[in-house]
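[1] Just to be clear, the model below is a prediction. Sequence and coordinates:
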Amino acid sequence: MGMTLGLLAVRYGCELRGDPDSVVDRVATLTSAGPGAIGFLANPVYRSQLADTQATAVILGTADADNCPVAVLIAQEPYAVYARVAADLHPSPPLRPGIHASAVLGNVACVPASCQIGPGAVLGDGVSLGERVSIGASTVVGEGVEIGADTRISAGVVIYVGVRLGSRCLIHSGAVIGADGFGFARERDGSQIKVPQIGGVVIGDDVEIGACTTIDRGALGDTFIADGVKLDNQIQVGHNVRIGAHTVIAGQAGVSGSTTIGARCTIGGRVAIAGHLVIADDVVIGGGTGVPGSILTAGVYAGGGTPADTLQRWRKNMVRFGQLDEIARRLRAVEKRINRDS
Amino acid sequence: MGMTLGLLAVRYGCELRGDPDSVVDRVATLTSAGPGAIGFLANPVYRSQLADTQATAVILGTADADNCPVAVLIAQEPYAVYARVAADLHPSPPLRPGIHASAVLGNVACVPASCQIGPGAVLGDGVSLGERVSIGASTVVGEGVEIGADTRISAGVVIYVGVRLGSRCLIHSGAVIGADGFGFARERDGSQIKVPQIGGVVIGDDVEIGACTTIDRGALGDTFIADGVKLDNQIQVGHNVRIGAHTVIAGQAGVSGSTTIGARCTIGGRVAIAGHLVIADDVVIGGGTGVPGSILTAGVYAGGGTPADTLQRWRKNMVRFGQLDEIARRLRAVEKRINRDS
Amino acid sequence: MGMTLGLLAVRYGCELRGDPDSVVDRVATLTSAGPGAIGFLANPVYRSQLADTQATAVILGTADADNCPVAVLIAQEPYAVYARVAADLHPSPPLRPGIHASAVLGNVACVPASCQIGPGAVLGDGVSLGERVSIGASTVVGEGVEIGADTRISAGVVIYVGVRLGSRCLIHSGAVIGADGFGFARERDGSQIKVPQIGGVVIGDDVEIGACTTIDRGALGDTFIADGVKLDNQIQVGHNVRIGAHTVIAGQAGVSGSTTIGARCTIGGRVAIAGHLVIADDVVIGGGTGVPGSILTAGVYAGGGTPADTLQRWRKNMVRFGQLDEIARRLRAVEKRINRDS
């Protein structure tokens, strides 16, 4: 089921150079594309692949249009247009509504007939699902959980009691939402008393949560993930964290308890953010950075294993780190020379 | 079901300033508390919230008692008392004893009638549970596993064959206990031979294990987690690690194989401890620290992405790291000046 | 069911000093071994334990043979021989072929009678298993997945649609294979469009994957794990990563999208490798290293929280890092002295 280039050009406001009646039926990389495939060029690293592409058409920016041997769709944001075209040509498989015979439903509040409940899934008492929610095999949804329409939850997910999830979310396997936050008070004898974690987790619309990512419930009050947040795999979100709208966090990052992250942030893989901090809107943090203090101004920060600094300063200091032994030797030479001269 | 301030004062040895017959029925933060709620002040950061609190009472230390506009319970350890009061007012939901029809039990050794076995749970041959053990939905308990009384295991946990768990433990979803340790011998052709992992895992009483935390079985002999240890989410514990009593480890930390950690340690998030080390009792390690060698003396260590050092030395060196480019430029200036002068 | 030392010597080409008819029936550490146990000495750290061992025999290298009070099997690669002997004496438990009554099979393509399908396991339409495949309890195998002969998948694993796994693999609990890669295009309003992840995951023969390790499906084209790769627990492998044959990666490492890692590499725990890089064959990377750029030459690299450098340079610079405050003070002293003298 292909689409014509003319249709795609109109739908996404692109300039088309080529035959509007050409049909594409799949996306592919520039090097692997053959007839019927549409490719894209968004990263200049791959510019050299343009000349030999066998794609039927390529989505790209104005600067590259003249160098493309095949039809082009010229877009201001080629990667965003590619994403939409890919979704058109490769839609998610349709739901198969129904409750599998092996699923176990408690005294649920609402499970519309449009939902798909997989084999071995478990829904606790009071669970309320919107239309067309999909619950994967062996996924466990705790008592009183509310899930908005069109949210898809993969197999092997656990959602604890009382969590609320918005609409059109996508939750990947192994994710755990609503486990207890990590709160203990140490006694004088060194033992620990558990601090009950009685808050919940509230997740907005259009949120994606990666495989084996864990989001703890609040100690008091809720952990909060705003609309449009995208979390990669193996991220840890501590209790009472708040993440602002459309913020993106890459894999293996960690956010300690009670930290608030602003909207539209881009947080790299393996970033570690300490607890009780504030990160402003529109902050970009490079992969591997440790963030020991609040970041109150939008900008690009980095650290690569050291605490966050502005990206520019950090890069300079890291170059110097690689010269550290040499710096120390030069300093010793200067000291010797001064002592000799005096 | 509230409790009077008088009862709480007596139970926890607090001085009460206020009406002993006032009733509280829930805990809350100072800012969100309304009538009937009891708050606490343990972190001086939140001292300014005291003046306007609408709580019925506040648990705090002597120094803050005079500044509180409502009833106070004065405690030497306000956070510990708060933890106990919170547990009184918000008890865990009671067990619902019974074995769900969809659970699959092998030829188990002992499953008392007081246990709660959730939907889709799987218990292998020879499994032995204490009284009032709870096994969550879809959790898999391998052959011969022994679990002590009052231990609660959430949904979606996997416990491999032969693991032993103490009493009153709490295991969160996604945790995997007893998978093979990572042991291979490289052959001359570059391929690997697996070293069979034939030890087990022994976990004491009152241990809490976070979501998606993994504890590997021993290669020879057991991996050992002592009484009262608290592990946060996404922690990796390698084979034959030993963790001493009441040690607390925060999220995403990792302990490599055959390392021994002492009692009452506090290990921050994302700490990485190399293998075959010894960490003494009462060691505190700051978040993100790499620990490449043994720490044989109690104290506070840190590193923030660099190997552990004493906290004081590390802080000074990190300040200097931020000046590294400037230091290198100043050294160059000194060198030029000396060359010019001579 | 023991084995004689004579049999072991012949099977593994070892020189035997001792009674060839002595029987051993288990492996043990030098200190815990008693009669009937066979120990090994591969790490010189444990050499002092040799004198007092109660083992019936010890596998070791030529240099240690004269210092052993009991029978010895002298091997060029003692640890590799130990691994093989341990596997002989402690074989994996035999499969119990059959499909558990609580397993849910779709319209599968091929499930031989020699396979073991555990309680609550779910196999989607079109799944094809080789002979003697084992699928653990509550494991979910997506539509169209192909798995080679003798592969064992533990409980609580999720394998997404279309993944291909080779023969003799071992997949531990909590692993998630084939979840969506992390791909989004940011719109001008700050929101994100999901880039469909339409590639797959192809895994070779003899691959081991640890607990809670996640391997994402490709965005376009496949993520690829070659024969003999061994992945520890909690590793994140991004979309379109390629890992070469017999490469070993330790726990909590992360490999960002589209990076290619060569054959026979040894990558330490918590290593973070950025995206779109190339790592050559036979590269060794120390634990905790951040790898921001390609490594095109075989060798040993390290960083301990800082970007990768050669091991030797990094060690020197880390020593200097610990002197950084002192270096800065000495530089200040030099500056003062020069200013005073001039």
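    On my side now, so go ahead.
[2] Quick check: residues of the stretch 201-342 of chain A near chain B?
    A:212, A:214, A:216, A:220-221, A:234, A:236, A:238, A:252, A:254, A:256, A:272, A:274, A:276, A:288, A:290, A:292, A:303-307, A:309, A:313, A:316-317, A:319-321, A:323-324, A:327, A:330-331, A:334, A:337-338, A:341 (Cβ under 8 Å from any Cβ of the partner chain). Glycine gets a C-beta too; all of them are placed from N, C-alpha and C.
[3] Produce a PyMOL select command limited to the buried residues of those.
    Of these, the buried ones go into a single PyMOL selection, burial set by 16 or more other Cβ atoms under 10 Å in any protein chain shown:
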select buried, chain A and resi 212+214+216+220+221+234+236+238+252+254+256+272+274+288+290+292+303+304+305+306+307+309+313+316+317+320+321+323+324+327+330+331+334+337+338
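[4] Intersect the residues of the stretch 201-342 of chain A next to chain B with the contacts of chain C.
    A:212, A:234, A:252, A:288, A:304-306, A:321, A:324, A:327, A:331, A:334, A:338.
[5] Go through these and name the one nearest C:L296.
    Closest to C:L296 out of these is A:G304 (20.1 Å), distances taken as Cβ to Cβ.
[6] Show me the shaky parts of the stretch 201-342 of chain A.
    Applying pLDDT under 70 to the stretch 201-342 of chain A flags residues A:304-305, A:342.
[7] Helices along that one, start to end?
    Using DSSP state H, counting those that start in this stretch, the helices assigned to the stretch 201-342 of chain A run over residues A:311-321, A:324-341.
[8] Make CSV from those helices and add distance to C:T297 to it.
    Below are the helices of the stretch 201-342 of chain A laid out as CSV (distance: least, Cβ to Cβ, whole Å):
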stretch, distance to C:T297
helix A:311-321, 21
helix A:324-341, 21
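[9] Now do the contacts for the closest residue to A:L5 other than its chain neighbours.
    If the residues on either side of it in the chain are set aside, A:L5 comes closest to A:S22, at 4.8 Å by Cβ to Cβ, 6 or more residues apart in numbering or on different chains. Neighbour list for A:S22: A:T4, A:L5, A:T56, A:A57, A:A71 [criterion: Cβ atoms under 8 Å, 6 or more residues apart in numbering or on different chains].
[10] Now do the phi/psi pair for A:S22.
    phi -60, psi 140 (degrees, to the nearest 10).
[11] and A:I338, what does it touch?
    Contacts of A:I338 (Cβ under 8 Å, 6+ apart): B:I338, C:V334, C:R337, C:I338.
[12] I meant to write A:E208 there.
    When contacts are counted by Cβ under 8 Å, 6+ apart, A:E208 touches A:C169, A:L170, A:I171, A:H172, A:V229, A:K230, A:L231, C:D180, C:K194.
[13] What count of nearby residues applies to A:V10?
    12 (other Cβ atoms under 10 Å in any protein chain shown).
[14] Distance check, A:A80 against chain B.
    As defined by Cβ to the nearest Cβ, to the nearest Å, A:A80 lies at a distance of 32 Å from chain B.
[15] could I get the contacts of A:E208 as TSV with neighbour count?
    Converted to TSV, these look like this (neighbours: other Cβ atoms under 10 Å in any protein chain shown):
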residue	neighbour count
A:C169	23
A:L170	20
A:I171	27
A:H172	29
A:V229	27
A:K230	23
A:L231	28
C:D180	23
C:K194	19
